[in-house]
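> I'd like to go over a predicted model; first the sequence, then the structure.
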Protein chains: 4
Amino acid sequence: MSDSVDARVDALARDLSNWGRWGPEDGIGTLNLITPEKRVQAAACVRSGTVMSLALELRSDLPQPPGSGRLNPQHVMTETGSDAAVGEVVSGYSDDVLAMSVHAATHWDALSHVFHRGFMYNGRRCTEVTSGGARANDVVPFAGRLVTRGVLVDIARSRGVDALPHDHEVTVAELEAALAEQRVDLLAGDVLLVRTGQLGRIAESRDWASFTEANGHLPHEPGIGTDCLPWLQERGVAAIASDNWAVEHLTGGDGRLPVHEVAIVHMGLPLGEIFQLDALASACAADGHYDFLLAAGPLPVRGGVGGPVNPLAIR
Amino acid sequence: MSDSVDARVDALARDLSNWGRWGPEDGIGTLNLITPEKRVQAAACVRSGTVMSLALELRSDLPQPPGSGRLNPQHVMTETGSDAAVGEVVSGYSDDVLAMSVHAATHWDALSHVFHRGFMYNGRRCTEVTSGGARANDVVPFAGRLVTRGVLVDIARSRGVDALPHDHEVTVAELEAALAEQRVDLLAGDVLLVRTGQLGRIAESRDWASFTEANGHLPHEPGIGTDCLPWLQERGVAAIASDNWAVEHLTGGDGRLPVHEVAIVHMGLPLGEIFQLDALASACAADGHYDFLLAAGPLPVRGGVGGPVNPLAIR
Amino acid sequence: MSDSVDARVDALARDLSNWGRWGPEDGIGTLNLITPEKRVQAAACVRSGTVMSLALELRSDLPQPPGSGRLNPQHVMTETGSDAAVGEVVSGYSDDVLAMSVHAATHWDALSHVFHRGFMYNGRRCTEVTSGGARANDVVPFAGRLVTRGVLVDIARSRGVDALPHDHEVTVAELEAALAEQRVDLLAGDVLLVRTGQLGRIAESRDWASFTEANGHLPHEPGIGTDCLPWLQERGVAAIASDNWAVEHLTGGDGRLPVHEVAIVHMGLPLGEIFQLDALASACAADGHYDFLLAAGPLPVRGGVGGPVNPLAIR
Amino acid sequence: MSDSVDARVDALARDLSNWGRWGPEDGIGTLNLITPEKRVQAAACVRSGTVMSLALELRSDLPQPPGSGRLNPQHVMTETGSDAAVGEVVSGYSDDVLAMSVHAATHWDALSHVFHRGFMYNGRRCTEVTSGGARANDVVPFAGRLVTRGVLVDIARSRGVDALPHDHEVTVAELEAALAEQRVDLLAGDVLLVRTGQLGRIAESRDWASFTEANGHLPHEPGIGTDCLPWLQERGVAAIASDNWAVEHLTGGDGRLPVHEVAIVHMGLPLGEIFQLDALASACAADGHYDFLLAAGPLPVRGGVGGPVNPLAIR
């Protein structure tokens, strides 16, 4: 199977490569498609003035794929109200420390998160990413860029289910059908949010362990397949995010993530993972508007190969 | 001096208290002033479609006030491109961990960050903030709220300096003069960004050590004084942020932070600290527009007494 | 049941209290029973010159009782050989960071780890232990004290099992029978190591999850009961350690740990937890010597309410 | 200068290599020289039964060489007595987390800490040390080995100073003179502790900043030079430790650490750093005994390229 993955990835890499498209120094890939004009267009999507945070609450029991080795958010206090109370101070303070794997909660993958045949996006060698962090393609320039029109495409709803089955690969036909049903256009420079229902399912069942540990190296989960990538390129999508761990359909197999390899390494297309989309989907369904202003610049972690983010959908 | 601080704080607390104003369960204080209509108004401030991140880059050498005990952002890699290179893998990944004091970089203080006479905002006992985090008034509900019109008031520019002197307390008269010069109205529900030039001065001189360690318990720094608080209340300001560590004028004295005590505990007015405002100020000066859409919802840290944020000014 | 626990703890506290016994400033309790002469005696137990580490290897998958909230050892690299290889340097270095809950691996409880009715050992108020750490009774003075004669008492072997059943409470009669069978005297100033077989059972089955999560708030595990405490006091035992999480028999009940309350708070008797005793037990059984020189001073963590330790049995 | 360093290191590597000496699988180098008989001999050095911890107290303000990037010990509480007090519980607990660069406090360098020309000790490739830790030559097997006779050689005292000047390189002649003055024999299998006075000087002046930041990439500090290595090999020394950061004389130069390269990579001789030797030196001077039982097995950090240790000198 790896042979066919290799062949598929190599072919897509050839067809969809954006290396050099925005100059040799570029480190943000398809985020270049977000222009100032685009943001003016996006601001016009603010109709009622409601806001939704698409971030998962940071806490220590977030679900993680088996073998991920990722550290869930650890929140510890370095000064508390208990201390203030027993100290009988007039004025007191609390303070806290947060530690987490960047990729354990809602985040953007930077273009230094994935390597293919020794390279990362724009022809940079993977050896630019050492223990000191990413010397190229880090997440910092995403911070002031990621504001544009967002479009939600609710595949779960379109398929009539709360959540897609674990073995469901989202196709171009499904994306197009759902967009048509939702009567929303996908435009160049948009960020596309694909709802699978996966994160909500996990959150509701609270059955993290059985779900994530069942399938060996990687979990199964619904998401887009590589067939969607030419379509995303053609439409000029600036970035794609989903309510699952990997954006792409995981089949629990050999550990290859072909969408990651093509999208991040060759297209320079950022992936947003573990976005909470259920409440947004309900709101969109209620008023029929599936587009909004998306303000989703991550924390500017120097050398970061990912960035924690509180994505805001402003409708 | 503490006596007079006490008297001043107690008087202001009496005059400006918002406890109960938004019900007994409220934990977001003056953020209640941000209405949906307000955000529609804010979206109309998007004129050119440019964006600016007001966050300081997260790295391990950020300046900290002496004795703060705060941990600067620590970014460590758990998987690297070096590993991928020596492993000669077809596809490889990098991954990272971020650990930091929430209040060490650009952040919002939650309404559980400060206690006065045993209480925090809305009459909650300080003992609700234990080693397990804040059981009330945590930062989570800020995440989906903090989108509104932002107004920059550039006091440094108005005073004709790159940065205000360390012992400069910003007054109501100065705020009003600068707003008038800038020809911008401050409206109810706005977030006010007060530029002192402090953060830029530190960043330029790179002289963290001498600056921050010179004055014992707390550094001196320019910022607003308690006299500004009635004015902020009257104007209906939803939150205030500044390009310094404490928003308020620090005099290196007895460790009391009267603006914190009144604003956070009694008014329920969130303070945003370590916001980078220099580039924004230049842009505002260039085109004469000092208002913008501010999307500044922090990461939703459960139990968090502060929240890391990448504030985005969309103009 | 809590009533009877309360009554039992209060009675034992009255009978066994060592508060004041070694002066009002004392913070090491029964470690005072380890005299220089005692160590000379202990050194005479070095017969063959073999050494055994009783520490569990530090890694991220150590078993933890459910709800403990403890962070397993996290080992991250800040410089690697991969980096050196791709950098083609003549000489290179690696470096690492370790983060862990002190009580997640092999450790000593300090006398500031437990409070009873508002107090800790020697009449210090529990409020001496704030977010800044323990201002009294911290683990630091253990570091240069904990070298003495160690005696292993192998209850599992004595009972003819690999590991005691989960609901087994070790009694004084069993301790005495095993010591008699082992033909070893327990002397004043000794550290007693009680083997239950629990840690080895867990390590072998690797069935952490089912074991630790089965019983709600606290797991069941074999260990000593409060009835052993008068006997330990009478014998002049300096400290006690076991191959389980809590030294004492856990019944999964109401969360009270009566041995902890009496031993640590009232007797000032340090408990050593998660000690690996299986290999030591085999060696003792093989040559018939159950006493040895025990060098078990923990890392001197300032303010620490526990201390990580590599206990060394030198035989 | 690097040329001459290279030539010197290469020549010493050729002369002193222990690769293969203890078989192709060996990962502990000269610790093999510590035999059971050796430990029986060492136990006989316990004369008065006093113990000294040679570990620096773990706290957040330890001195670090400039540019080391090392994280000082961070001790945070996850449960406190303040919490217990305000909770008015009958029984309460405290708990803590420790995070630190292993090499920031008293520690042993593992044989995976240094690479030379792409290799580490015993011909293992440096690429065995990835972000996942050291797959070979990690610190784990040190844990149950490092108990032997220790010999203190007090060069500062021998030279009549409290601390050696920063630019002082300790020579073989000095080592031999001091040993002779001290009337102590250095025997095969011993651990040699070389006192420079450096750590005490820093601790006393508390002038970390000026000292450590003065000299660019690396500080100057007194310590042994490469000329001592053949002598250490000849004497059969099992390991060497010192009261400074690097054991070896640092000249603030080009960042090469030739003693590290030869000792760790080629000889497989572990270096112990940041050992506190002042109190031990006073005790030795007082009674004239400079040898003792040294129990210094580090925490067994899986994959660790160093190990935190509380070295115990039992006299």
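Arrived safely. Numbers count the residues shown, from 1 in each chain, chains lettered A, B, ... in the order given.

> Can you read off the pLDDT for the closest residue to A:G133 other than its chain neighbours?
Nearest residue to A:G133, sequence neighbours excluded (C-beta to C-beta, 6 or more residues apart in numbering or on different chains): A:G303, at 2.1 Å. All C-beta atoms are positioned from the backbone trio N, CA, C, and that covers glycine. Reading off the confidence values, A:G303 has pLDDT 98.

> how many other residues sit next to A:G303?
A:G303 is flanked by 24 other residues according to other C-beta atoms under 10 Å in any protein chain shown.

> Next, work out how far apart it and D:G133 are.
21 Å (C-beta to C-beta, to the nearest Å).

> got the phi/psi numbers for the closest residue to chain D within the stretch 51-200 of chain A?
In the stretch 51-200 of chain A, the residue that lies nearest chain D is A:S82 (3.6 Å; C-beta to the nearest C-beta). Backbone geometry at A:S82, expressed as degrees, to the nearest 10, gives phi -60, psi -50.

> check contacts around it.
B:126-127, B:129-131, C:130, D:80, D:82-83, D:85-86 (C-beta atoms under 8 Å, 6 or more residues apart in numbering or on different chains).

> and these as a markdown table, adding pLDDT?
Below are the contacts of A:S82 laid out as a markdown table (pLDDT from 0 to 100):
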| residue | pLDDT |
| --- | --- |
| B:C126 | 97 |
| B:T127 | 97 |
| B:V129 | 98 |
| B:T130 | 98 |
| B:S131 | 97 |
| C:T130 | 98 |
| D:T80 | 97 |
| D:S82 | 96 |
| D:D83 | 96 |
| D:A85 | 95 |
| D:V86 | 94 |
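
> which of those are buried?
Buried residues within those, counting neighbours by 16 or more other C-beta atoms under 10 Å in any protein chain shown: B:126-127, B:129-131, C:130, D:80, D:82-83, D:85-86.

> For the stretch 51-200 of chain A, which segments count as helices?
A:81-87, A:155-158, A:172-182, A:198-205 (DSSP state H, counting those that start in this stretch).

> I'd like the distance from the longest one to the chain centre, please.
If I follow you right, that is helix A:172-182. Distance of helix A:172-182 from its chain centroid, counting by C-alpha atoms, centre = their mean, to the nearest Å, is 20 Å.

> what packs against it?
strand A:147-154, helix A:155-158, helix A:228-235 (3 or more C-beta pairs under 8 Å, 6 or more residues apart in numbering or on different chains; DSSP states H and E).

> ranking those by burial, who's on top?
Neighbour counts (mean count of other C-beta atoms under 10 Å in any protein chain shown) averaged over each of those peak at strand A:147-154, with a mean of 26.

> Sheet partners, orientation included, of that one?
Here strand A:147-154 has these sheet partners by DSSP bridges: strand A:191-195 (parallel), strand A:291-295 (antiparallel).

> what does it rub up against?
A:34, A:38-39, A:41-42, A:45, A:175, A:178-179, A:182, A:184-187, A:189-195, A:238, A:277, A:280-281, A:284-285, A:290-297, A:313, B:51, B:295, B:312, B:314.

> now that strand against helix A:172-182, angle please.
100 degrees (axes from the mean of the first three to the mean of the last three C-alpha atoms, to 10 degrees).

> Mind listing the residues bridging to A:A99?
Listed by DSSP bridges, the beta-bridge partners for A:A99 are A:Q74, B:A99.

> name the element the most centrally placed residue in chain A belongs to?
Among the residues of chain A, the one closest to the centroid is A:G272, at 1.0 Å (C-alpha atoms, centre = their mean). Assigned by DSSP states H and E, A:G272 belongs to strand A:271-273.

> For chain A, which helix extends over the most residues?
Using DSSP state H, we find that the single longest helix of chain A is helix A:2-16.

> helices or strands next to it in the packing?
The contact analysis (3+ C-beta pairs under 8 Å, 6+ apart) places helix A:2-16 against helix A:228-235, helix A:258-260.
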